[in-house]
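> Provided below are the primary sequence and the corresponding predicted coordinates.
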Amino acid sequence: VQVVESGGGLVQAGGSLRLSCAASGANFDTNVMGWYRQAPEKQREFVAAMTSGGRTNYQDSVKARFTIDRDNAKNTVYLQMNSLKPEDTAVYYCTEIPLSWYYSGSYLYPEHFNSWGQGVQVSVSS
């Protein structure tokens with residue numbers, strides 16, 4: 001699956017952004033999609049994931065603020081980010097998560113992935 005992320009930008013703390021990830025390839029409607037992020041001088045980290053059936057998982061720091069969603073008809077996954085904080089500043093990436101990795105929990109460790117899209121910059125000012 002190839003992906004193209006969009007929707008990033010600069011926003012003040014407390015503001016909102018909605019990221020989009022357009023995916024190409026077969027079986028989008030049956031796969032697991034996830035969002036990850038990498039802040040300056042930090043390791044890439046898991047943010048959110050959503051199965052084809054609508055099950056969601058979130059990093060604790062974004063629960064109740066971020067919402068992952070998907071439109072299978074458009075092969076697109078979204079990340080709605082509300083109440084943004086300066087510590088949310090990062091490059092955000094989306095990717096397909098192999099089903100086996102999802103059930104094993106390996107998806108929580110971004111170092112398992114060897115291919116990423118170009119990502120999208122999100123900057124939150126204080």
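Arrived safely.
> flag every buried residue along stretch 85-98.
Asp88, Thr89, Ala90, Val91, Tyr92, Tyr93, Cys94, Thr95, Glu96, Ile97 (16 or more other CB atoms under 10 Å). (C-beta placed from N, C-alpha, C; glycine too.)
> let me fix that: stretch 115-126
Within stretch 115-126, the residues that qualify as buried by neighbour count (16+ other CB under 10 Å) are Trp116, Gly117, Gly119, Val120, Val122, Val124.
> list the contacts for the residue nearest to Lys74 when sequence neighbours are not counted?
Using CB to CB, 6 or more residues apart in numbering and skipping residues adjacent in sequence, the residue nearest Lys74 is Ala22, 7.6 Å away. Residues counted as contacts of Ala22 (CB atoms under 8 Å, 6 or more residues apart in numbering) are Val3, Val4, Ser6, Lys74, Asn75, Thr76.
> make it 10 Å
When contacts are counted by CB atoms under 10 Å, 6 or more residues apart in numbering, Ala22 touches Gln2, Val3, Val4, Glu5, Ser6, Phe28, Lys74, Asn75, Thr76, Val77, Cys94, Gly117.
> same thing with Ser6?
Arg18, Leu19, Ser20, Cys21, Ala22, Thr76, Gln118, Val120.
> so Gly15 touches Leu84, yeah?
Yes - in this structure Gly15 lies within contact range of Leu84 using CB atoms under 10 Å: 5.4 Å.
> find residues that contact each of these two.
The contact sets of Gly15 and Leu84 overlap at Val124, Ser125 (CB under 10 Å, 6+ apart).
> what subset of the contacts of Ala22 is buried?
Val3, Glu5, Phe28, Asn75, Thr76, Val77, Cys94, Gly117.
> for Val3, see how far away Ser100 is.
Computed as CB to CB, to the nearest Å, the Ser100 to Val3 distance reads 20 Å.
> one more: Lys63?
Distance, Lys63 to Val3, using CB to CB: 24 Å.
> all helices of the chain, in order?
Assigned by DSSP state H, the chain shows helices spanning 99-104.
> and the strands in it?
Using DSSP state E, the strands found in the chain span residues 2-6, 9-12, 17-24, 32-38, 45-50, 56-58, 66-71, 76-81, 90-97, 120-125.
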